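> what follows is a predicted protein model with its sequence.
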Amino acid sequence: MGYPCAHASPSLFTPDAQKGHLPSVSRTGARLPRTREEVAVVARTKHRWRRYVAGALAAVVVVPVLGVAVLWRLTPSVAGAGQLVRAHLSAFDSPELVALPKPDRVGQALIATEDSRFSQTPGIDPVSTLRASLAAMTGNIDTG
């Protein structure tokens with residue numbers, strides 16, 4: 001069945017459209033699906049990659065979240081850490097550690113080499129944060 005013009009589309013009043021059929025040939029001459037079922041099959045297969053991408057994204061998000069949830073439940077508590085340390089020390093007949101020796105030169109040396117502004121900052125060093133942000137924006141990987 002032909003249409004009056006090459007660019008005209010079928011209307012709902014054509015016999016094919018009333019039977020639930022769509023045009024069988026495109027403007028280029030390629031065969032088109034005729035029934036609504038064929039159209040649904042083509043639509044499912046044409047957009048199959050979208051389902052694969054959605055499934056991959058779900059796996060990338062869901063699997064790590066479930067992994068963290070499971071491992072969180074399996075992680076032992078640190079509530080009895082002191083008791084465990086004392087048990088290990090007594091197993092090897094070692095003296096109990098009460099505190100670090102005074103003056104704590106190792107701790108002071110570590111703080112002096114790692115973060116000289118440790119005692120002046122509220123936990124996050126604003127100067128270092130700004131330096132790292134600027135380095136990330138400029139592409140510099142050496143932030144000191």
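Now that the structure is in, tell me what you want to look at.

> CA atoms for contacts and neighbours, from now on please.
Fine.

> avg pLDDT for the strand or helix carrying R131?
Per DSSP states H and E, R131 falls inside helix 126-138. Mean pLDDT, computed over helix 126-138, is 86.

> and for V42, the neighbour number?
14 (other C-alpha atoms under 10 Å).

> quick check: it vs R36, distance?
10 Å (C-alpha to C-alpha, to the nearest Å).

> pull the longest helix from the protein.
As assigned by DSSP state H, the longest helix anywhere in the chain is helix 48-74.

> just checking, next helix/strand downstream of it?
helix 81-91.

> keeping just the C-alphas, turn the helix or strand following that following helix into PDB.
Downstream of helix 81-91, the next assigned helix or strand under DSSP H and E is helix 105-114. This file holds the C-alpha atoms of helix 105-114, laid out as PDB (Å, rounded to 0.1, in the frame of the first residue of the first chain):
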ATOM      1  CA  ARG A 105      61.200  12.100  72.100                       C
ATOM      2  CA  VAL A 106      60.100   9.700  69.500                       C
ATOM      3  CA  GLY A 107      56.600  11.200  69.400                       C
ATOM      4  CA  GLN A 108      58.000  14.800  69.400                       C
ATOM      5  CA  ALA A 109      60.400  13.900  66.500                       C
ATOM      6  CA  LEU A 110      57.500  12.300  64.500                       C
ATOM      7  CA  ILE A 111      55.400  15.400  65.000                       C
ATOM      8  CA  ALA A 112      58.300  17.700  64.100                       C
ATOM      9  CA  THR A 113      59.000  15.900  60.800                       C
ATOM     10  CA  GLU A 114      55.400  15.100  59.700                       C
END
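
> pull the distance from helix 105-114 to the chain's centre.
37 Å (C-alpha atoms, centre = their mean, to the nearest Å).

> show me what that helix is packed up against.
Counting contacts by 3 or more C-alpha pairs under 8 Å, 6 or more residues apart in numbering; DSSP states H and E, helix 105-114 is packed against no other helix or strand.

> so P122 sits in a helix?
No: per DSSP: H, G, I helix; E, B strand; the rest coil, P122 lies outside any helix segment and is coil.

> number of nearby residues for it?
Number of residues near P122 (other C-alpha under 10 Å) recorded here: 9.
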